[in-house]
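J.: structure for the following, please:
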Amino acid sequence: MDREAAQRRLVEKARAGEKRAFNALYRQYAPVVYSLARHMMRDDEAAADVTQETFVRAWRALDSLNDPQAFGGWIRMIALNQVRDWARAHRPTGSLDADSADQVPRQWADESIGPAEQLEISEQQQQVRDAIARLGEDQQVVVVMHHLEGKPVADISRELGIPLGTVLSRLARGREALRRKLAPHVED
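T.: Model (predicted):
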């Protein structure tokens, strides 16, 4: 049995209420969902929480998945929505006090560059993540899959169950939208 048929069978079994099948889907896709959330959030603990919530939501909404072969794209869409919900709920209030300082994600400093450069890079990364988060869902999924997860467009086409030309079109429109959104932040 090929991989696509095996996945379709797992999804169909999970839709029928078989928890073992859903657990197999979880084992297969949890690393993908976690990686996506981690790329977008830069917070290990929050990414783990979003991953868990994504699969809870997926379990509850499994009957709404029309095409079992599109599970990979569908679960990513749920994850992206969870990342957005988390970001809205955890927006900074504008000041850091002793209690909120513990919530700031810690990253090891790159000692080859100074603090000002580190801050600039961090701000640029946040601007890119924010711009990606503001893309339409169709564009966001293909941009994240291709540029953050490193997936070839043919794999994206197969996982989302959409034609290759549609993936290329969404990717081009997503890149153009990102270029426009980030243009004010780019020096000429």
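
J.: quick one: contacts for the residue nearest the centre of the chain?
T.: For the chain, the residue nearest the mean C-alpha position is residue 36 (3.5 Å; CA atoms, centre = their mean). Residues counted as contacts of residue 36 (CB atoms under 8 Å, 6 or more residues apart in numbering) are 76, 79-80, 83, 144, 148-149. Where you see a C-beta, it was placed from the backbone N, CA and C, and this is true even at glycine.

J.: ok, 6 Å please
T.: Applying CB atoms under 6 Å, 6 or more residues apart in numbering to residue 36 gives the contacts 79, 144.

J.: can you name the element that comes right after the lowest-mean-pLDDT helix or strand in the chain?
T.: Lowest mean confidence among the helices and strands of the chain (mean pLDDT, DSSP states H and E): helix 98-101, at a mean of 43. Downstream of helix 98-101, the first helix or strand assigned by DSSP states H and E is helix 115-133.

J.: what is the burial count for the residue lying closest to residue 159 once chain neighbours are set aside?
T.: In space, and not counting its chain neighbours, residue 159 is closest to residue 72: 3.8 Å by CB to CB, 6 or more residues apart in numbering. Around residue 72 there are 23 other residues, counting by other CB atoms under 10 Å.

J.: per the record, what domains does this protein have?
T.: What automatic domain parsing lists as the domains of the chain is 1-89, 115-188.

J.: going by mean pLDDT, which of those comes out lowest?
T.: Mean pLDDT is lowest for domain 115-188 among the domains of the chain, at a mean of 82.

J.: can you give me the angle the helix or strand harbouring the residue nearest to residue 159 makes with helix 115-133?
T.: Counting by DSSP H and E, the element that carries residue 72 is helix 71-89. Here the directions of helix 71-89 and helix 115-133 differ by 120 degrees (axes from the mean of the first three to the mean of the last three CA atoms, to 10 degrees).

J.: from the contact counts, what lies against helix 71-89?
T.: helix 19-41, helix 44-61, helix 153-160 (3 or more CB pairs under 6 Å, 6 or more residues apart in numbering; DSSP states H and E).
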